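Undergrad: sequence plus predicted model, see below.
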Amino acid sequence: MRNKIIYWIATVWLALGMFSTGIVQLLKQQAGVDAVTRLGYPAYLLTILGIWKMLGVVAVLIPGFPRLKEWAYAGFFFAMSGATISHLVSHDPVGEIFPSVLLLTLTLVSWYFRPASRKLVSVAR
């Protein structure tokens, strides 16, 4: 029961964080465009990330589709670890780095504590 509670708390916060940042990225607010270009990325990356984040949230939350969930978690991991590294390399202040570290941590906690019904079943050959 404890693991299920940890999973759902982490997953709900992960979904809220990814969905809300996905919307902000799709809206291409000037501050977001400035931040991504300062890190050396093109502004159109915001559209790609925004769409994939929202699709990933759907994949993680809906029942079934364990392979799709693995892909979504992998995408969240790569996006948030990449964001964290980009901010670190750019010597950004902790306040700029923290959101990506938090979402990366929530991704790992949600993935680790996911129930058996949300995991891929390995098939013995």
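TA: Done, it's in.

Undergrad: which elements pack onto the host helix or strand of Met80?
TA: In this assignment (DSSP states H and E), Met80 forms part of helix 66-89. When contacts are defined as 3 or more C-beta pairs under 8 Å, 6 or more residues apart in numbering; DSSP states H and E, helix 66-89 packs onto helix 45-61, helix 94-112. Quick note: C-beta positions are derived from backbone N, CA and C, even for glycine.

Undergrad: now these in CSV, with distance to Arg2?
TA: Shown next, in CSV, are those (distance: least, C-beta to C-beta, whole Å):
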stretch, distance to Arg2
helix 45-61, 20
helix 94-112, 13
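
Undergrad: of all the helices and strands in the protein, which has the lowest average confidence?
TA: None of the helices or strands of the chain scores lower by mean pLDDT, DSSP states H and E than helix 30-38, at a mean of 90.

Undergrad: returning to that earlier point: the helix holding Met80 to helix 45-61, inter-axis angle?
TA: 140 degrees (axes from the mean of the first three to the mean of the last three C-alpha atoms, to 10 degrees).

Undergrad: quick one, longest helix in the chain?
TA: The residue-count maximum for a helix in the chain (DSSP state H) belongs to helix 2-27.
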